[in-house]
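Trainee: okay, here's the prediction I keep looking at, along with the sequence it came from:
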Amino acid sequence: MPAIRPKSIHDQIVDTLGRQIVSGEFPAHSQIPTEMVLAESLGVGRLALREAMKALAARGLVVIRPKTGTQVLPREHWNLFDPQVLGWHVQNPLDDKFLEDLIELRRAIEPAAARLAAARRDGGDLARMRADFEGMVAARTRDDYIAADLAFHGALLRASGNQFIRQLDGVLSRVLRASFTASRGTHVADGKALALHESLLLACEAGDEAAAQAAVGRLIDRAVTNIQAKARRPRA
């Protein structure tokens, strides 16, 4: 296993400020503290801070104006498809609108991808999906289950044979992780979830496009039901 490299100072600054913006600690339209104040509070150099601000600006989180300073932009300006931006959202309680948009995105893409996958999959695609499903079955921790689940959905997108849908694998992986995080408790999986994934796998193996599309729809419906149930559950 390759060694895990520690984050650079640049990455740490970007991560810290990105999480603060996404969490609302620095709300939309608010002014970020001056470069001198922020550098001192974070214990970093001003040059490193300046480069980190440029990275946040590139993701649409802030706008840098020479005379008026740095201001946080509203979320509609943020690059929500950026893996880090989505990751920062996952680390915070997800608001209803964000979750609704995630589900809408899944409904727009995954059923079509499932139909195409059932029609176009080859032996390699099916082998990957089968291996990922078996990884879900064998998972003993929640993290292992989510990793296998994400791999399964990624294999489905690749099996679609559509180059644009394939390119969405990385983006949808983050979207799915956010959806999974919002819809699951601390348990690993349950029989119903595995049965739905197996139905999707079997439909793809049989080349049944309608069944594959329906199976994905049921998976998304289940995610919605779990999210709603989790929202109603009293907080500890």
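Mentor: Okay, I see it.
Trainee: what ranges does the chain have for its helices?
Mentor: Taking DSSP state H as the test, the helices found in the chain are 9-23, 35-42, 46-58, 83-90, 96-120, 123-138, 142-159, 163-167, 169-183, 191-206, 209-232.
Trainee: adding mean pLDDT and distance to residue 76, write the ones you listed out as JSON lines.
Mentor: From N, CA and C alone the C-beta is placed, and that goes for glycine too. Below are the helices of the chain laid out as JSON lines (pLDDT from 0 to 100; distance: least, CB to CB, whole Å):
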{"stretch": "helix 9-23", "mean pLDDT": "94", "distance to residue 76": "14"}
{"stretch": "helix 35-42", "mean pLDDT": "92", "distance to residue 76": "25"}
{"stretch": "helix 46-58", "mean pLDDT": "95", "distance to residue 76": "16"}
{"stretch": "helix 83-90", "mean pLDDT": "84", "distance to residue 76": "13"}
{"stretch": "helix 96-120", "mean pLDDT": "91", "distance to residue 76": "11"}
{"stretch": "helix 123-138", "mean pLDDT": "97", "distance to residue 76": "35"}
{"stretch": "helix 142-159", "mean pLDDT": "92", "distance to residue 76": "26"}
{"stretch": "helix 163-167", "mean pLDDT": "90", "distance to residue 76": "23"}
{"stretch": "helix 169-183", "mean pLDDT": "73", "distance to residue 76": "17"}
{"stretch": "helix 191-206", "mean pLDDT": "95", "distance to residue 76": "33"}
{"stretch": "helix 209-232", "mean pLDDT": "86", "distance to residue 76": "23"}
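Trainee: quick check: closest non-adjacent residue to the most centrally placed residue in the chain.
Mentor: Closest to where the C-alpha atoms of the chain average out (CA atoms, centre = their mean) is residue 174, at 1.8 Å. Closest residue to residue 174 apart from its sequence neighbours, by CB to CB, 6 or more residues apart in numbering: residue 86 at 3.8 Å.
Trainee: can you count the residues close to that neighbour?
Mentor: 20 (other CB atoms under 10 Å).
Trainee: who touches it in this structure?
Mentor: Taking CB atoms under 8 Å, 6 or more residues apart in numbering as the criterion, residue 86 is in contact with 80, 171, 174-175, 177-178.
Trainee: which one among these gets closest to residue 104?
Mentor: residue 175 (10.6 Å; CB to CB).
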